[in-house]
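Novice: Kindly return the folded structure for what I paste below:
(one chain, ligands or ions: 1)
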Amino acid sequence: MSNYKDDHDFVEGYQKIDRYNDSKISSIAAHYTEVLSQMGEDPNREGLLKTPERVAKALQYLTHGYDLDAAEILKSAMFKEDYSQMVIVKDIEVYSMCEHHMLPFFGKAHIAYIPNGHIVGLSKIPRIVDAFARRLQVQERLTNEIRDCIQDTLMPAGVAVVIECKHLCMAMRGIQKQNSVTTTSAFTGEFAKDKTRAEFLRLITANLH
Ligand SMILES: [Zn+2]
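Specialist: Predicted structure coming up:
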């Protein structure tokens with residue numbers, strides 16, 4: 001959260017989110033005041049006085065991915081390089097919000113690609129995960145969007161994306177399966193081959209630390 005407010009202007013060639021949009025914040029906050037009343041709460045009691053504004057700001061932060069261009073993030077750090085072995089970034093933290101209930105889902109993403117002339121700065125991989133996760137999402141689409149962005153921008157020999165998340169809409173309501181984890185995956189190119197995909201899956205499950 002601290003990063004977000006500090007380096008919001010212009011970083012490495014692409015525009016990051018602007019400061020909070022004040023008119024949007026006050027309009028969303030007004031709706032939350034109404035929601036509190038409808039819940040039977042008193043929006044004027046001390047503990048709730050600033051809650052609508054806080055919720056509106058949290059919501060704007062949690063969906064700031066709409067203002068990010070994931071392809072531009074990748075393009076800002078692409079380098080020509082001969083390396084043609086699998087590059088894996090694993091255990092990337094994912095925080096997103098399901099579009100059906102607007103409740104969080106969170107977990108980890110494991111991403112690999114096989115370079116085909118270009119590599120990308122490693123820190124950009126978690127950045128594009130964030131760009132797609134910080135929106136209203138379903139885990140399946142999030143997985144595919146990350147895969148397609150890397151494939152279409154970097155044009156590697158293959159991309160693999162595995163995401164494992166817990167969904168609060170499952171844990172806190174409805175069927176209340178508190179410890180279930182949903183796993184989604186998407187592959188392109190070389191990862192369509194059993195051997196390559198098996199190596200990737202072995203490497204992300206191996207404990208190398
Ligand atoms: Zn949901």
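Novice: I figured residue 55 was touching residue 29, is that so?
Specialist: Yes: contact criterion Cβ atoms under 8 Å: residue 55 and residue 29 qualify, at 7.3 Å. C-beta here means a position set from N, CA and C on the backbone, and glycine is covered the same way.
Novice: Pull the contacting residues for the residue most central in space within the chain.
Specialist: A centroid search over the chain (Cα atoms, centre = their mean) returns residue 133, at 2.3 Å, as the residue closest to the centre. Shown in contact with residue 133 (Cβ atoms under 8 Å, 6 or more residues apart in numbering): 65, 94-96, 142.
Novice: Buried ones among those?
Specialist: Using 16 or more other Cβ atoms under 10 Å as the burial test, the contacts of residue 133 include 65, 94, 96, 142 as buried.
Novice: So the host helix or strand of the last one, near the ion or not?
Specialist: Assessed by DSSP states H and E, residue 142 sits inside helix 139-154. No: no part of helix 139-154 sits near the ion under the criterion Cβ under 5 Å from the ion; the closest distance found is 9.7 Å.
Novice: ok, residue 75 to the ion distance?
Specialist: Residue 75 sits 33 Å away from the ion, going by Cβ to the ion, to the nearest Å.
Novice: just checking, that residue touches residue 153?
Specialist: Yes: between residue 75 and residue 153 there is a contact under Cβ under 8 Å: 6.3 Å.
Novice: if you count what's nearby, which of the two comes out ahead?
Specialist: residue 153 (19 against 15; other Cβ atoms under 10 Å).
Novice: sorry, back to before: which of the contacts of residue 133 fall in helices?
Specialist: Of the contacts of residue 133, the ones assigned to helices by DSSP state H are residue 142.
Novice: Can you add distance to residue 148 and pLDDT and give the contacts of residue 133 back as a markdown table?
Specialist: Output for the contacts of residue 133, formatted as a markdown table (distance: Cβ to Cβ, whole Å; pLDDT from 0 to 100):
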| residue | distance to residue 148 | pLDDT |
| --- | --- | --- |
| 65 | 15 | 96 |
| 94 | 17 | 98 |
| 95 | 21 | 98 |
| 96 | 17 | 98 |
| 142 | 11 | 98 |
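Novice: What about the contacts of residue 133, which are in strands?
Specialist: 94-96 (DSSP state E).
Novice: any idea how far residue 67 is from residue 188?
Specialist: Distance of residue 67 to residue 188, given as Cβ to Cβ, to the nearest Å: 27 Å.
Novice: Quick check, pLDDT for the residue nearest to the centre of the chain.
Specialist: Per-residue confidence at residue 133 stands at 98 (pLDDT).
Novice: and what of the one 10 residues further on?
Specialist: Residue 143 carries a pLDDT score of 98 in this model.
Novice: Please list all residues in contact with it.
Specialist: By Cβ under 8 Å, 6+ apart, residue 143 lies in contact with 161-163, 184-186.
Novice: wait, which of these is closest to residue 36?
Specialist: Checking the contacts of residue 143 against residue 36 by Cβ to Cβ gives residue 163 as the nearest, at 33.9 Å.
Novice: Could you tell me which residues of the protein lie near the ion?
Specialist: Checking the chain against the ion by Cβ under 5 Å from the ion, the hits are 98, 100-101, 169.
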